[in-house]
Structure formats: C-alpha cells, structure tokens
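Participant: Give me the fold of what follows.
(2 chains)
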Amino acid sequence: MKKVLFRPSKLKNFLLLFSIFFVLGLNAQEEAAEESGPKVIEAVPDADPAKGKELFNSLCAACHKPYKKAVGPALHGVSERRDLDWIQRWTVNSRELIDSGDSQAVAIYEEYNKQAMPAFPQLSKEDVNDIVAYVEQPKPEPKTSKKDDVEGAVAAGGGGASTEVILGILAFVFLMLLVVLVLVNKTLRRFAEANNVELYKKKEKSKPIWVAFAENQFLVLVSVVVVLLMLAYGGYGYLMLVGVDQGYEPVQPIHYSHKIHAGENEIECKYCHSSARKSKHSGIPSLNVCMNCHKQIAEVSEETGNEEYSKEFYDNEIQKLYDATGWDPDSQSYTGETKPVKWVRIHNLPDFAYFNHAQHVTVGQIECQTCHGPVEEMEVMYQHSSLTMGWCINCHRETNVRMDDNPYYEKIHEELSKKYGVDQLTAAEMGGLECGKCHY
Amino acid sequence: MNEENLNQDMSSEKKYWKSAEQLKENSPVVDALEQNEFVEHIPTDEFLGDKENLEGSKTSRRDFLKYVGFSTAAASLAACEGPVIKSIPYVVQPERLVPGVADYYATTIADGFDFASVLVKTREGRPIKIESNKEATSLTAGKPRVHASVLSLYDIKRLQNPMIDGQASKWSTFNKEVRAKLENTSNKIVLLTQTFASPSTQQLIKEFSEKYTNVEHVVYDSVSETTALDAFESKYGLRALPNYDLTNAESIVGIGADFLGDWLGGGFDEAYSKSRVPKDGKMSKHYQFEANMTLSGANSDERFATKPSAQKQILVEIYNQVVSRVASTNLGDAHKKAVAKAVKSLKKGGKNAVLLCGIDDLDAQMMTLEINEALGSQLTNLANPRMIRQGDAKKVAQLVKDMNAGSVGALIMCGVNPVYTLPNSDEFISGIEKVDTTVDFSLTMDETAKVSTYVGALPHYLESWGDVRLTYQDYSLIQPTIKPIFNTRHFQECLLDWTDNSLAYYDYIKAGFSNRHEGVSWNRTLHDGFYKVSEDFVPTEESPAFNANSAASKLVKSDAQELELTLYTKSGLGDGQQANNPWLQEFPDPITRTSWDNYLTISRADAESLKLINENVSNGALNGSYANVSVGNTTLQNVPVYIQPGQANGSVGLALGYGKKESIQEEMQVGVNAYPLYNQFSKVQEVKIEKASGMHEFACIQLHNTMMGRKDIIKETTLEIFNTKDKDYWNKTPQVSLDHQETPVDSPDVDLWNEFDRSIGHHFNLSIDLNACTGCGACVIACHSENNVPVVGKSEIRKSRDMHWLRIDRYYSSNETLIGDYEKKDNIKGLSSALSEFGELEKPSEENVEVVFQPVMCQHCNHAPCETVCPVAASAHGRQGQNHMTYNRCVGTRYCANNCPYKVRRFNWFRYNKNDEFDYHMNNDLGRMVLNPDVTVRSRGVMEKCSMCIQMTQLAILEAKREGRPIKDGEFQTACSNACDNGAMVFGDINDKESLVAKKKEDDRTYHLLEYLGTKPNVFYHTKIRNTNEA
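Facilitator: Residues are numbered from 1 along each chain as shown, chains lettered A, B, ... in the order given. Next up, the predicted model:
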C-alpha cells in the first residue's frame, strides 16, 4: 500500500519542477526581447538614444522630465509639436529665439512666467538629436505586474526555494517517523505480551518528592530566599524599564524612510538635521528642506518599491508632503495652503535632563549612529539606545574628548593631562559626570 | 503618674458601674448591651439614601473592593506608559532661525512712563527675556519694570479684538465707523495720548490735523513732569527735560528728587554708580534732602529727612548762598548746618557739582536751573536734553473742562487711562458722556476703555514697529520680535487709514527716517536699535529774565502743614500700567521689602501720636493699622500704614499705581488707588489722617531690619579710614581659635575639609560692590525671567515662602550711622549691658538713619554646609565652583535649607505651575510662553536656589568650543550681572588672571559673607565706603 501511495507524489514534484523551469525560461525570453534595442525614432533616425539619455540626465533633468511636466514642459512628443530645427535653435540659445520674435518661442516664454531656458551653446546638433531620440522613446510599461507574476509562479510551484516548503516537507517526514515508531512499539508490545515478559516492575511506595522537600526546612528556607531574591531582581529590572522606550517605533503621519534617504541615496544626516551642528536640538527638518529635492522628485523609481512597500505607496507618501506644503506639481507652484505635519516624537528626554546636540556632533565629532543606531538601514525610525542616565554616564566615562586643534582646550588639556598623567582625557575627567552639567 | 493609673493600681478590686441595672446579675438589658457595640440600630439606610436601589444593586462590598483594587492597579500600570508627544516643525523655516538657539533683537520700550533701549532675547520666535542694550548711549534698560515688560506681552487680560460698544468687531468696520464719525463731527477732535516721543507719530498727527481741521493734540503723562518741562522751556526754549551725566560727579545734592528711581524718567543710576566707587581715594559726595525714604536717600552719604515745605526753604537757602541772596528762610538748626555742608560741597565740586531738585513747582525748577548754571555745572548735559515724558498737565485740565462744556466732538485716546489716573476722574467721566465719539486705543479693557464707544486693541511694544526720540541726539527704533498674538493694530496705522495714506506704518517710519537722517543705514540702525546724531542742542539766547526774588518769596511763603503727603511711584509697579504683571507685584519694594501692596509710610513719632501701629504676629508676619487719608474733600478709606524709618516727621508717603480693578486678575487687584489725591498734578498734598479700625496683613519679606552691629554681613567704613588706614583695620579677615591661637579663617590649618584643586579650567566668581549697588532690583526680575522662578502670591509670601533666588537685603542703622552700631556692639560688656543694648540695636533709628543694600543669592560655597547634609546627594559641587542643585534627585527633606547660613534655598511647597491655586502666568498657556526652555520648571516638593546661571556659563563654553577659541573676559555672565548696568555685579572666571573679576577679588575691599564660618563662598562683596569727608 505504501508503495502505491508513494508514486504519484514523486510524479507531482517532477511536474512542478518542470513547470517552474518553463515559466522562468519564458520570462527570460521576454526580457531578452525587451532589451533587444531601443525603438528608432522617425524624426531623428540616426541619433543614439543612449548618448541622449546621458546628456539628458546631466543637463536637462534638473528642469525637465520626459513624460511629466516639471519646471519645464514634458519633452515626450516634442518632435511632433515642434520642428527639429526649431528645437536645436531653442536648445542652444532660447533667448535669441525669443528676441527674434518667433511666435512659438514667445508663447512658451509667456506660458512659463517669462523664465527663459538657460542656453546650452556646448550642444551640437547631433547632441540635440540624441536627446530628442531619448525623450521620444515610448514610455516603458510598468514592470511591477510582470514581477508579481513571476513571484506568483514561484510560490505556486513551491520549487524548494521557499523555506516554508522545506519546513512543510520536514514536518511531514517527522510525522511519518512518529507513526512508524508507534506502530513498531505496538507490535513489540504485542510480542512481549504473547511471550509473558513483564514490562514494568512495581515500585515500593515511597514518599512523594514534594513531601520530602516540605519536610526539609533548610531546603525550604533556601528556596524561599532564592525565590524572593529572584522576584526582587525581576521586579527591580521591571521598574528600571519604566519610562525607557528603547525600540519605540511609532507610526508617523508620513512614512519617511531613512533607509532610502540616508542609506540608498547617502544623504548626509546633517543636510536635513542641520541645526544639530549649532543647537541643542537636532531639529525635525522643516518641510521646505524636503522640497529642496522633492520639487523634482515627485515619484520614486521603479527599483525603490519593494515587497513591503510598493512604488505606489511611496508615491502616495510624497503626495502627502505636497499636500502639507501646498505644492501643486502640475502648475509647479505653491498654493499657499499649508498643513504642518505632526510628527510623533521618538526620542524623549525628561525635562530635567539637558542634552545638547552641538556639543556632541560638532565639538565631540560623534557620529549620529553612535546614539541613534543604524539609521541608514531603518525603513521606519525607532529609538535605538535606551537613553537612560547610566547609558549617558557610561559613554562619558569611556569616550575621549576630541581636543586636537581646538584652541579652547589647549590650556586645560595641558594642565589636566599633567595632573592625571594621561594624554587623552575622557569626558568624565573633564567634569562630564557632574550633576549640574546636565540637570538645571 | 496620672490619676487614672493611680485608680487602677490602688483599687483593682473595685467594680465600676454606669447604672443601677449593671449591679443586678443576669440582667437581660445588660447582656443585650454588652453584646451590641451600638445601643441602637444604626440608620445606615438613611444616610446611604435610596434604600430600594441599594437593595436592588448586585454590587456587594466585596465587589466594590475588587473594583477599587482593579482600578487602582490599572491606573498605576497605565501611568507607566509614556504619553505620545507630537513635534511640529515649520513648513517653511525662517532663514537664520535655528530651533534651540536664541536670537537677539534691539528695540525700545516707550510706554509713556518707561523709556529705554533694550535687547530682546527670543527663542523660536517668542520673546522670553529683556536685557539692557549695552551699546545704546542713553536710557539703557535698568529697571525692574523694563525687565518685566516681556511678561506683560503674555497678559491674558489683553484685548484680543477691536471693540465697538463692548462687542468684538473687525478692524475694517472699526475704521469705517470711526472715520465716518470724525468726518461728521463739527466740534473739535482731541487726541489725548501718552508721550510717544516719536517723530513719525508727530508727523502723522500733523497730517491728521491738516485733514480734519480743528484737531487738538494733548499729551498726558499719568505722573507728570510738567514743572520741569516748563522750567526748561522757559529758560532754554525747548520743551524737554534736563539731562544729567553724573559719571564725573564730585558733589551731588538732591532735594526731593528720587533720581535713582523714576524722577525725570530715571536711568541716572549707571553714571551715579560710577562716581560712587572710590578711585584714587576719591568718590562723589551725595547729600539728600527728602521726606519719603527713597532709593536716592538710601544711597546718599548723608540724608536729611525733610518735609516738603522745608525742602522749598532749603532750595531758597542754597540759592541764597550759591547765587545771590534773595529771601530770608526759616530753617531749623539741623537743616541750617546741613545746608551749609551741602553748599560747601557744591562750591567745592564746582563744574563737577550738581543740584537735583524734584519739587513740583515751576519756581523751584527755575531756581534749580539757575543754581546749576551759577555753579558752572558740566554735569547738566545741556547738549542732549531728554525728549520723554512730555505730558502737559495744564492742557489736560483744560480738556476736562472743555469736555464738560460740550465743545469736544470726538476724543481719541491712546496709551492713557485717565479714568483711573486722573484725580478728577468723575469730572472726566461726566465729560465723556458729553463727547459724541470716544475712541480709546488700549492694551486691555481698562477703566477708560469701559466708558469708550470704540476701543482699539493695541499691540504690545514687542509686537510693534515704531521710532522714539529718547533724547535730543538719540533716535531709537522699535521693532517687532513676535508676530502679533491677537488681532491688534497700531494707533498710527489707524491714523494712516483715516488720513487716506496707503503706506504701512513700517514704510512710513522708514521714509521718515531716511528723510531725517540722510545716508544713514536703516538696517544698521535697526540692528543697533538706536542712532545718535552729532548735532547738539543750542539753547535760545534770549531767555526771559528770571525774577529770583518773587520766585523765592513765593517758595518761602508756602506754609508748613501739619502733615504733608508725598505721592511717589514704586520701582515695581511705577504708574500702574503693568499692574497685571505678577513678577512686579511680587517684587519686594527695595526700601520697605514689602510686596503686593501700597501703604502709607509714616514716621514712628507721627504714628505714635496717631496711635497707628505695626506689629509682628506669631509667625513673624507684619501687620499694620489702617488709616483714612483725606486730601481736601477726597478720602481714601482703609489705607494700610507702614512705619518707615527715615520718614520725615510731619510727612507721609503713598505710592501711585495700585488699586486698579479693570482687566486685572483677581489676585492682582491689590492696594489702594492714590491717584484721586494727585490734585493739580502735584506730588505734594496737605493731608489729614485718622486711624481706622482693623489691621492689615502685609507680605513683607524682611522682618529683621538692622544688623545689630555685626560686621560679618555688611562691612562699611568711611572714605577717610579707607584712605588712611590699613586693610586690617577696616576689613580684617576673621580669626578663629586653633589650639588657643587666633588663626585667620582662610588658613588651610583651620579647614575641616581637604581643599580641591580648582586652578584648572574655569572657576566662577561673582563680585558684588556694595558701593555701586543702588538696590534698584533689576537683577531680581532678570533672575525671575531667566530661571523660571515661580510667583507664589501674597499669602505664601506672608509665610516666608517667597521663591526669589536673589534678594536684596536692606539694613537700617540702629544708631544714626552704621559705624555707630559697630562701636555700640563692640562696647557691650557684661550681662546687663548686653540685655539692654542688643535690644536697642534691633530697632532701626528713626529720622536720621543710614541704609545699605546687599544682594544675596546662593553663595556657592566651596565648603558648602548644604552639600554635606543632603541624604540623596542632590546638592553637589562642580569643579567650576558652582553648587549644583539636582531637582530630580531631591526628595525634599529641607536639611540643606536648614543648614544654609545664608538662607538662600527655596522650597517648592506646592506645584506653582498649572495650579489654579496659583493663578499667575504659569497657570495659562499664554503666560507660559515666557518660560526659558533651557531651565527646568520645578515641581512640588523639591528645593531650588540660584544656580549661578549654569545654563548661561555652559552655553558660553559651548560656543567657544564650537568656534574653537579661548573665552574672552566678559563672555561669562549671569542673569543678574548682565542686568546690572551699574557695574555692581561682575561675574567671571578667576582662573583667567586678566579678567575683571579676578582683579576685583584681589582688591582690598573684598570680603565674604559670614566669612568666619569658613564656607569659602564663590560670591564675594566689596566693603561699602561712605564718603563722610567734609568738603
């Protein structure tokens, strides 16, 4: 019976594996077809869109997007709207064209609030053609749907890649083993009974262990003391955690990803948290700082979206920023209606503790990550350190104060290192453990 | 052994019975009673109420206890969860603003009474502190009121909208309606305003007068300087106040002029203090003739208590002796001698001598100008007279008459409150009913606003644009430091609207400024806060001849009255504009050390003859009799009486500015309104006093008024001794006995502790010069403002629970001089003499009394007695010399306060913020905006005290570290040293040997408070030197 049962399952696995390879192969073929080469644009048949992409990104992307309006108009379809020669003249020196009274040029000048496009005399005709060829590429279809298909296929196939499947198989094997063991045991027992083998000897009745324990006063005393001590230890530990919010990870009104900004895009912490350099507060950046970049970046790239948070999700979060600042991406202007964002504050020091960022960041040159943890890997910001007084004090005991090339420290360093007989002084030796340095 | 026990022991066999029934055995009644605890059934149903409901309820007692237990546990668990705190950043952050870093703006206060150039500290766009503009050349901030004015910005009683007939309205409607009324009125339009001293406003009013014909502008100061203005105008041809520069003074004679207070707008103290510090064996000599005890009298070398009528005689006598003999005077011997001394000193001082006279009389003011001219005094800064306090009393009096005659069509008021401040306010109110249109621009819905039809809500000066001409040469600008909190608008903006001028007031000022000062940078002026023109005032040549004879004879003729009242303004409340400011209400008057009140000051002799008393009740608090005070037909009922040492016999004093009721929080409606006695705008009035029933409860901070000859608290010596004798003679370091050997207390041998090495890093010291301190109190308010010191209210002050971190102790001499006290104490020998004479030393001297001021805050002892007794080490010493107070460690045992010999520690008996029992600024959102975010707001049950402004020293260190540079002298400041324009308080690092404070520490005058205790304080004082040299 078992043999019969075994065959079809083997067949099933085989079929599954086959279908996976088939689907993957098909997918690869499709991708190959897509990468076979850009479309040839009729208006500029000889141009090289790849070179155009390079030029576009370096010169034009600050103000233009191919398929969407930005500071300047969307460029896709420009070769149909305008004459190629006109485009070349305009790109090289738009001001000249406007001054010449060209009606199209004047019209677009008026439309964009009389802001002329900067001149690009360095561009040759071929360069301009390349750029046109690039922007005239048809808009690529969003890739996400295909990706989802593949994932779906993989999940359905269960081709051993997923840990869940492995676990499932393991569980099945163990279950089978258990069944076999029970069966064997049952059979052996039957044999034993048949042969009159005595399986268990009857034990003499002795005192139960708990009674023996209860009668031994020394043991009781010791265990009570141990239990009390453990309770005290546990209770103390619990009470010490009151008000410590390590790992606090509140949901914010806008899903701001430090991972994307500080991690993938490597934006310096203090670009946005600029007040950390000279103030006690690191400061939550004002929204106009966000808009320095997000005026241009209205949506994330395809690659940014991931399993957990899709591109649409991120784009929607950027839209929330626009709503808050009152930025209208279509007209590229502010409506003047603002809705300040109420962030949830993560790092809360009690009012009686004074902490100054400038002291640590600028004077001490301490990396932000020392206290805030791997922010560049945090999709959602959380409190990395405990922010307890013991934690502060520890660091003050261990950290050497950076005194090199700071004339403020010259005299005191000389005198103190002579006194303590050391070259490097810790914050504690500088008086960094005094109560009044942080509590006033 | 008491009786009960005795009975038990001696008669254990005895049986006690309550009734005869108990004697019977097995009585059922007795049995029943013994079984029941209560004789009758307890009617629980009755007091538990509805019986049916109770029986129907399924909640048993056990259930109830379960619920209680559960909810208690749940509540305590829930309390462990932290609250969710929101942070809201700017949408568009203003450039240059960094959250957490303070910005400073230079501006000017000009509220009609106080005029000063100030620096405003703002945090995240809200002003939190006023500081002196040290670069300004005249009228720098230096008064408690100026420092406290930032709190008045956050007054919850401020008007929030323009009002029409008591209803909130819009500015467009307001302007339209007022304009229509102005255009339709046929009678004259009168502008009754405070002194703006503003060139642009003056121009605007001129334009207004051109558009609406028949316009009259009346300037009204609640406390008038009319006579001084008139005198100056008649002599020099400009309606201004004389300005004095006392920096180089050698001889100052004051007659009824409190020039260290509010006389002529005040602000003379900075220069005065400079002249008072002995330099090369020289300092100025100051004689003062006055009736009330004022700051000026308290600081003088010799003070002569003089009734107002006698002051006039003295002035004439001085004129007789300095200029020419004009009239014979009638003076007592003491005064004759005093005048002789004063005249001798004036003559000797010559060009460095000056006579300052505050008698409210045109002739007296004219004579003063003549005397100073005859002396050739160069202390009168004639080139740069003061342009402030321009009020014209005569015009105001005329206006009230005109109003009652019905000849005023429209009355537009701004910054004045005549219904409260006019002596004849009844007439004013009846007059206002006859005026067709009344418009009042006001910060609050005050007495005058209540009776006006249109009330314009004014912005506070910290929300305003403006310009002020403080003196002939000094132009200052007012700039906003915060966006207007309420829907307020400048009076000037409305004037622009009414005159069809489309300019904003800011543009109008700017245009006027560039017209006036061609080529001067507006931005630079705005940054500095002021601009000084070099052009001097040139007096007119042909001034009318002064008839000294008739003036003198008029002055001499005025009869002495039995009791003469001198009205004055207190350093705290001034003219009463800021009566709703709890800092100022709680500010103890420098002389009487009493807060939350005004009172009749009277000499002990007069008090005794009128049977008026002051007494201390069991907890030490001061009580005083009530008196009814009558001037002419006006009587003030139940004025509390304060017996004032130094008050001239036959004279009494009463402060203006109290007793305001409208738009004042209930807690701050204190005192009596003395303006009804201010007849004819004369500070001196003939008065009748009779005792009223009852006793008044004062909130007096200092209950012991003399030092009883102890030299360990205040050291004083004379200039002569200072110049001729050794330091050891007049400032000897105390000695203590060590192995029966007298050893100086600063010797390491007598030390209980091992000394720490403090030579590395910073070591902060605060130097206080008792010669330069005038007791003005600016430091007290600055400390309040910097350190979030709570206001506790009158009843708590009475219990000696005041929270001031810095107090200015005032001591009277018990003999005529303090040196006399020292001698008397040193000569006490034997028990009988000790018993009697110590008692005598406790009482301050009466008419002739010497006064000293001594600011006392935490002394930051290196060997601090408070630190050793703290069971939780909440009080600890820093290496930089500061005594740290850690609030979060403190458990409130108050051992430290008990062990502090200086009594500078303050205990939070209650939570003073967000507590309806203490309904002051910390109890409302608006008022809390003034709090300094760098200083913890203390909670109930913790001790607090002066921290030597550690937040300021730490910031100075951080700035230097950040910029990578050593710290310059002067960068380290405390709130008090920064507020002290007089240079009495100097703060710094004594390890920087070049610093001013290090040099001061080496001075011979240096001593420590109660030095013999060996506490080694980081605050030190400079011995007071009194100039007793005869000229």
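Participant: CA atoms only for stretch A:251-269, dumped as CSV, please.
Facilitator: Only the C-alpha atoms of stretch A:251-269 are listed here, as CSV (Å, rounded to 0.1, in the frame of the first residue of the first chain):
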residue,chain,number,x,y,z
VAL,A,251,3.7,55.2,13.1
GLN,A,252,4.4,58.5,11.6
PRO,A,253,1.9,60.7,9.6
ILE,A,254,4.2,60.4,6.6
HIS,A,255,6.1,57.2,6.0
TYR,A,256,9.5,58.7,5.8
SER,A,257,12.2,56.1,5.0
HIS,A,258,15.6,56.9,6.4
LYS,A,259,16.8,53.8,4.6
ILE,A,260,16.0,55.3,1.2
HIS,A,261,17.3,58.8,2.1
ALA,A,262,20.3,58.2,4.3
GLY,A,263,21.0,54.6,3.1
GLU,A,264,20.5,54.2,-0.6
ASN,A,265,20.9,57.9,-1.5
GLU,A,266,23.6,58.5,1.0
ILE,A,267,22.3,61.9,2.0
GLU,A,268,24.3,63.3,4.9
CYS,A,269,22.3,63.4,8.2
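Participant: Give me the buried stretch members for that stretch, please.
Facilitator: By neighbour count on 16 or more other Cβ atoms under 10 Å in any protein chain shown, the buried set for stretch A:251-269 is A:254, A:256-263, A:269. For the C-beta atoms, the positions are set from N, CA and C on the backbone; glycine is no exception.
Participant: Which of these fall in helices?
Facilitator: Judged by DSSP state H, helices contain the following of the buried residues of stretch A:251-269: A:258, A:269.
Participant: what's the closest of the buried residues of stretch A:251-269 to A:K51?
Facilitator: Of all those, A:I260 has the smallest distance to A:K51: 29.5 Å, by Cβ to Cβ.
Participant: Please name the nearest non-neighbouring residue to that closest one.
Facilitator: In space, and not counting its chain neighbours, A:I260 is closest to A:T304: 6.3 Å by Cβ to Cβ, 6 or more residues apart in numbering or on different chains.
Participant: hang on, that neighbour in a strand?
Facilitator: No: looking at A:T304 with DSSP: H, G, I helix; E, B strand; the rest coil, it is coil, so not inside a strand.
Participant: Next up, the contacts around the residue of the stretch 101-250 of chain B found nearest chain A.
Facilitator: Nearest residue of the stretch 101-250 of chain B to chain A (Cβ to the nearest Cβ) works out as B:V101 at 4.8 Å. Applying Cβ atoms under 8 Å, 6 or more residues apart in numbering or on different chains, we find B:V101 in contact with A:275, A:278-279.
Participant: Near chain B, list only the ones from those.
Facilitator: Restricting these to those adjacent to chain B (criterion: Cβ under 8 Å from any Cβ of the partner chain) gives A:275, A:278-279.
Participant: Which one (most neighbours) among those residues?
Facilitator: In terms of neighbours by other Cβ atoms under 10 Å in any protein chain shown, the ones next to chain B among the contacts of B:V101 top out with A:S275 at 24 neighbours.
Participant: Name the SS class of B:S785, please.
Facilitator: helix.
Participant: Actually, B:Q321.
Facilitator: Assigned with three-state DSSP, B:Q321 falls in the helix class.
Participant: Need the pLDDT of it.
Facilitator: B:Q321 is assigned 93 on the pLDDT scale.
Participant: Likewise for B:F910?
Facilitator: Predicted confidence (pLDDT) for B:F910: 94.
Participant: Over to B:T481?
Facilitator: pLDDT recorded at B:T481 is 94.
Participant: ok, it touching B:V120?
Facilitator: Yes: taking contacts as Cβ atoms under 8 Å, B:T481 lies within contact range of B:V120: 4.7 Å.
Participant: shared neighbours, those two?
Facilitator: B:105, B:107, B:127, B:462.
Participant: Name all residues that make contact with the residue nearest to A:I260.
Facilitator: A:260, A:264, A:311, A:314.
Participant: A:V135 now?
Facilitator: Residues near A:V135 by Cβ under 8 Å, 6+ apart: A:52, A:56, A:66, A:75-76, A:78.
Participant: Distance check, the closest residue to B:E690 other than its chain neighbours against chain A.
Facilitator: Leaving aside its chain neighbours, B:E690 sits nearest to B:N628 (5.3 Å; criterion: Cβ to Cβ, 6+ apart). Distance, B:N628 to chain A, by Cβ to the nearest Cβ, to the nearest Å: 50 Å.
Participant: list the contacts for the residue in the stretch 301-440 of chain A that chain B sits nearest to?
Facilitator: Nearest residue of the stretch 301-440 of chain A to chain B: A:G436, at 2.9 Å (Cβ to the nearest Cβ). By Cβ under 8 Å, 6+ apart, A:G436 lies in contact with B:876, B:878, B:882, B:884-886, B:947, B:950.
Participant: So in terms of bridging, what pairs with the closest residue to chain A within chain B?
Facilitator: Nearest to chain A, among the residues of chain B, is B:H884, at 2.9 Å (Cβ to the nearest Cβ). Note on B:H884: beta-bridge partners by DSSP bridges are B:A876.
Participant: What of B:M413?
Facilitator: B:L192, B:D440.
Participant: Report whether the expected contact of it with B:D440 is present.
Facilitator: Yes: using Cβ under 8 Å, B:M413 is in contact with B:D440, at 4.5 Å.
Participant: Overlap of the contact sets of the two?
Facilitator: In contact with both B:M413 and B:D440: B:448, B:452, using Cβ under 8 Å, 6+ apart.
Participant: about what we covered before: just the closest of the shared contacts of B:T481 and B:V120 to A:R89, please.
Facilitator: Within the set of the shared contacts of B:T481 and B:V120, B:Y105 lies nearest A:R89; the separation is 53.2 Å, counting by Cβ to Cβ.
Participant: Show the contacting residues for the closest one.
Facilitator: B:119-120, B:122, B:479, B:481.
Participant: 7 Å instead?
Facilitator: B:120, B:122, B:479, B:481 (Cβ atoms under 7 Å, 6 or more residues apart in numbering or on different chains).
Participant: Which helix or strand contains it?
Facilitator: Per DSSP states H and E, B:Y105 falls inside strand B:103-110.
Participant: I'd like the mean pLDDT over that strand, please.
Facilitator: Looking at strand B:103-110 alone, the average pLDDT works out to 94.
Participant: What of stretch B:307-314?
Facilitator: So the average pLDDT for stretch B:307-314 ends up being 92.
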